[in-house]
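Colleague: Need a 3D model of the sequence below.
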Amino acid sequence: MTTAFSLIMPSARGSLPVIVIATSLASPLAAGAADTLIVTDNSPQAPATAQLSPGSASRLAVSDRQVPRHTETISQQTITTSGNRTLTDIVETLPGLSGTTSPTLSNSVSLRGFTPVAWLYDGVLTPGSTLQGGDPVHYESIDVLYGTGSVLNGLSPAGGSINLISRKASFRPQPLELDYGWSSFASHRAHFGAGGALVDHLAAGRIDISTSSTGSQVHDVRQRPLRVTGSLLLTPTDNTQLTFALDRMLEDTHNPYFGTPFINGKLATHQRYTNYNNLDKAWIRSRATSFQATQSWFATPQLSVENKFYYYTGFREWHNAERYYPSATRPGELTRDSFGDLAHDDKLTGDRVTLNVNGTLGRMDNQLMAGADISKRQFSYFSNGFAGEDSIPVVNPPRRPFSSGNAPRRSAVRHITQNQYALFLEDRLGLTDTLGLLGQLRYSAVDMHWNFQQLNQRISQRYHFVSVGIGPSWDVTDNLTLYANYSTGKEPGEDIFFIGPAQTSLPLTAVQQYESGVKASLPGNRGDLKLAVYQLEKKHLYQQDELQAGRWNAVGKQTSRGVELSGALRPLDSLTLAGNLAYTHARFNSYRQGGQDLSGNTPRYVPRWTANLSARYMATPKLGLGTQMHYVGSSYNNDANTVKMASYTTVDASVDYQILPGVTVGSRVRNLTDKTYAWQRTYATQALIAPGRTWEAFVNMRF
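Modeller: Model (predicted):
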């Protein structure tokens, strides 16, 4: 049994292929800045020639080397053995990704200067965040595409896309898996997994079940998710395949933490354990179901057809007091308001068909894929308008009922229907044995129908656009590939399901990206390296006002330029080093907020430097030692750049021992130095303080 870890360190000394390039790229840091090197677990066991999951960066059956884009993959082995408990914990170990999970902004991740990113489930852009909250052990891998993904997914955030690949049924032998962990704050988590052939050459299945009960340094918080995923594979004939995948997720969080207030302009870190959402009945509850049915017909070795039907339904509700700030009339007390009684009801139904043809064009190898996608999404939003407030002491606030804020019950606010239609085409032409050209084209049509029920106002809007992507990849040697790419995209200026009536007439945001890079591996499968340089530009976007939730401010243009570096090295069979580094220079080129000119400012929550570094050492064939360091540079909390969030570095450590064949026990310590730092703000008056030092003991069994 093997284990993989990732680690981040400022001014880090990573693997040898990383050192040479990182030293030159990070020269501004070497002068004494406590900044950056990032490490990702692109372990030598999964070299850059590995296949990407379809829909991550291309729907063709191509390798990572053949895709002229920056991509990263986190394997299932790393997901399981690293012990990370949330998706954010996992993906922020990749170059350039930073963010956190908060009650109001689930998986609010920044990438390439933009927030949020797109979340896909087995290649399908999935709404909401309910499925993202479950234990990541249910994923076979996590693929990240850097930059716009519009050519694959239509409307798509500019920064990047994260494709969550579920664990699938297979005829290959799959061990019985049992995992259990016990950690600080009386927290525990458990996972059961099993799979394999049900009927030889005819049917195979897989099931995974996970549950946990997680506490926090903040009083009264308790999170209880339960997730069940299942997959059934049928091969009724030699050239047909049917796959059915079901995912059911339930979650119940009591007294979720919305932040610690600022007192006299400073974050009250001494109150980091106090929960001001300590109502008798404060909770967030959710339930979600995802179902996908895929039929594949392999007509000939050169021709195949696939049809994917997908369905998602999710319901999420909040019942909390969310905002806290010093009382203007009562010293030593806080005003607590935003007594929110909210609900989101989301449904998505769609179908995608693709035709794949492998052949030749003249004397050149050619892979062609053509397809169509149609979907319908319905979203309903219910709210009480965040009514009511009360006063509570800063220290030891008493528990009170939700009604103490005189908040009315929720009612329907809006119902939105989105119909999408798309035609897409991809082609990879092998110009020579070493030079390939990948072209991607997509036409998207989006019909939006808003019903603002409280305003008794109905608005419809139709958008249609074309997205393109094109780029060569050149295998200079068997171990070195150079690439370049140009791609375009479209996205709403903000979440199209939450904009007000006045914003429905605004144009879509236009995105274009230039990227070039290197993908390399060391002989003997001893390591790999990726380097990407990019410029990403958005026009016609707008930002939500920091103080007025219903107001949006037009931004003429925003540009991001940066460098991303990741690599891994195995100098000894017993030692694995991995690291990554990202530099992001994001700016508003043209932006006025009221009478204030914010042109040249940095967007909120975008750190300039991020870095990771990890080491994994097998002291004996049974004893493993791991360490991980994670660095996130400082960022601004507002577009005016007057409030800054400090940089932070965390250190994790682990040890594990195989006591029997297939049975490993171990322990992890997260945030070893008990670093106190803030992640981000849910409201302008408060900030989320990250967890302090926590400890976990675990056992993993594979039979």
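Colleague: need the helices for the chain, in chain order.
Modeller: 16-25, 27-30, 76-82, 87-91, 150-153 (DSSP state H).
Colleague: Give the other helices and strands that the third one contacts.
Modeller: Spelled out, that is helix 76-82. With contacts taken as 3 or more CB pairs under 8 Å, 6 or more residues apart in numbering; DSSP states H and E, helix 76-82 sits against strand 139-146. Where you see a C-beta, it was placed from the backbone N, CA and C, and this is true even at glycine.
Colleague: Neighbouring strands of the strand it packs on in the sheet, and parallel or not?
Modeller: Taking DSSP bridges as the criterion, strand 139-146 pairs within the sheet with strand 71-75 (antiparallel), strand 160-166 (antiparallel).
Colleague: could I get those as CSV with distance to residue 142?
Modeller: What follows is those, written out as CSV (distance: least, CB to CB, whole Å):
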stretch, distance to residue 142
strand 71-75, 4
strand 160-166, 6
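Colleague: hey, what's residue 293 bridged with?
Modeller: Beta-bridge partners, per DSSP bridges, of residue 293: residue 244, residue 309.
Colleague: what's the burial count for it?
Modeller: Residue 293 has 16 neighbouring residues, counting by other CB atoms under 10 Å.
Colleague: residue contacts, it?
Modeller: Neighbour list for residue 293: 242-245, 308-310 [criterion: CB atoms under 8 Å, 6 or more residues apart in numbering].
Colleague: Per-residue pLDDT of residue 227, please?
Modeller: You'll see residue 227 listed with a pLDDT of 95.
Colleague: That one is in contact with residue 212, isn't it?
Modeller: No: the criterion here is CB atoms under 8 Å, and residue 227 misses it with residue 212 at 9.3 Å.
Colleague: more crowded one of those two?
Modeller: Per other CB under 10 Å, whichever of residue 227 and residue 212 has more neighbours is residue 227, with 22 against 19.
Colleague: Chain neighbours aside, what residue packs nearest to the more buried one?
Modeller: The shortest distance from residue 227 to any non-neighbouring residue, by CB to CB, 6 or more residues apart in numbering, is to residue 134 (4.0 Å).
Colleague: so where is the stretch 201-350 of the chain shaky, pLDDT-wise?
Modeller: For the stretch 201-350 of the chain, no stretch is flagged by pLDDT under 70.
Colleague: for it, what spans make up the strands?
Modeller: 203-213, 222-234, 240-254, 260-263, 266-267, 283-300, 303-326, 333-361 (DSSP state E, counting those that start in this stretch).
Colleague: re earlier: does the residue nearest to residue 227 touch residue 224 like I think?
Modeller: No: at 11.6 Å, residue 134 does not count as touching residue 224 under the criterion of CB under 8 Å.
Colleague: what about those two, which has more around it?
Modeller: residue 134 (26 against 14).
Colleague: one step back: pull up the overlap in contacts between residue 227 and residue 212.
Modeller: Residues touching both residue 227 and residue 212 by CB under 8 Å, 6+ apart: residue 135.
Colleague: which residue ranges form the strands in the stretch 1-150 of the chain?
Modeller: Using DSSP E, counting those that start in this stretch, the strands assigned to the stretch 1-150 of the chain run over residues 71-75, 98-100, 108-110, 118-121, 124-125, 139-146.
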